[in-house]
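Asks: Coordinates for the following, if possible.
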Amino acid sequence: MNKLLVIAFGGNALLRGDQAGTIHEQEKNIYDTCNKVVNLIKKGYDVVIGHGNGPQVGTVLMQHEAGMRLYGLPKQPIDFCVAETQGSIGYMIEQQLQNVLSEHGIEKNIVTLVTQVLVDKNDEAFKNPTKPVGPFYSKEESDKLNKDNGWIFKEDPRDRGWRRVVPSPKPSDIPSWHAVEKLARDGNIVITVGGGGIPAYIESDGKFSGIDAVIDKDLASSLLASKIKADEFIILTDVPNVCINFNTPEEKKLKEIKLSEAKKYLEEGHFAEGSMAPKIKACIQFVENSKNKAEITDASQIGKNKKGTIIF
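Replies: Residues are numbered from 1 along each chain as shown. Reported below is the predicted structural model:
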């Protein structure tokens, strides 16, 4: 039986910080990423792909705000906007991966699933928004948007500007994980938990309801990887390695570290919320649940002898 791999697309895999976010830019980035991921498929891995949506869902939210203000169109809630971006980003990944597979003479079915992910509606995250969405703004621009719309902004830890933040509750369950596992183990490539999944909760009468939030895609992908008993878990971001003492003279790249070391560095505050901390937490969660390894790196490292930060 082939090894099962869950890989979470983020950072340069989808959209780069200096780009406007046109479909052509995103398609080119996704194509380049898939051209690296194909090396893993050639090695015989069955692959499940999760992906982020921070810039894209922020743009969609702004479009809904503008539509309401200028044309009186109904503004849709965040969970609805997450569903929109799940479909649009999944479409781009599916199409560009299919193009790459065809160029390499590989025949595989690819399926994109619009996926709900359950959260606790009483999660403390709803009182403390941390999940960055949308583009970067100057301090002056963010102050104006805060005044005009009531949006909450936080400064980027890498000094790229200010971004809107929204609640990011912890994912608790993925109702469709059985279907994802079956599809993947049957040899299909599955794109799922896009943008961390559509945030939903179960009401007292057992009915599903959406809720205003954006779930971290790394935590959702990690939960999925544990549930489907994946052999490996990889998070793609825009740096080749995780660092401690980031942006200081004592900065140090991490290569292979034990689970205990990852927990220690996390507790010491080396990783920022809304940035690297959720990625480290996602890897810790997967390694604890599966006893298998997790890796954080960028797409350029895949298929090479170089490796990113591996937690085991």
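Asks: Below-threshold pLDDT in the stretch 101-250 of the chain: ranges please.
Replies: Within the stretch 101-250 of the chain, no range satisfies pLDDT under 70.
Asks: show me where it has helices.
Replies: 139-149, 177-185, 217-227 (DSSP state H, counting those that start in this stretch).
Asks: and the angle for the shortest one with helix 217-227?
Replies: So the one you mean is helix 177-185. 80 degrees (axes from the mean of the first three to the mean of the last three CA atoms, to 10 degrees).
Asks: Can I get helix 177-185 in CSV, CA atoms only?
Replies: What follows is helix 177-185 as a C-alpha-only set of coordinates in CSV (Å, rounded to 0.1, in the frame of the first residue of the first chain):
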residue,chain,number,x,y,z
TRP,A,177,-12.8,12.6,6.7
HIS,A,178,-13.9,9.0,6.0
ALA,A,179,-14.7,10.0,2.4
VAL,A,180,-11.3,11.8,2.1
GLU,A,181,-9.4,8.7,3.3
LYS,A,182,-11.3,6.3,1.0
LEU,A,183,-10.8,8.6,-2.1
ALA,A,184,-7.1,9.0,-1.3
ARG,A,185,-6.3,5.4,-0.6
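Asks: So which bits of that helix are buried?
Replies: Across helix 177-185, burial judged by 16 or more other CB atoms under 10 Å covers Trp177, Val180, Glu181, Leu183, Ala184. All C-beta atoms are positioned from the backbone trio N, CA, C, and that covers glycine.
Asks: can you redo the residues you listed as a markdown table with distance to Ile228?
Replies: Below are the buried residues of helix 177-185 laid out as a markdown table (distance: CB to CB, whole Å):
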| residue | distance to Ile228 |
| --- | --- |
| Trp177 | 6 |
| Val180 | 6 |
| Glu181 | 4 |
| Leu183 | 10 |
| Ala184 | 7 |
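Asks: between those residues, which is closest to Gly105?
Replies: Ala184 (21.4 Å; CB to CB).
Asks: OK, contacts around the closest one?
Replies: Leu4, Asp46, Val47, Val48, Val190, Ile228 (CB atoms under 8 Å, 6 or more residues apart in numbering).
Asks: That's all I had, so thanks and see you.
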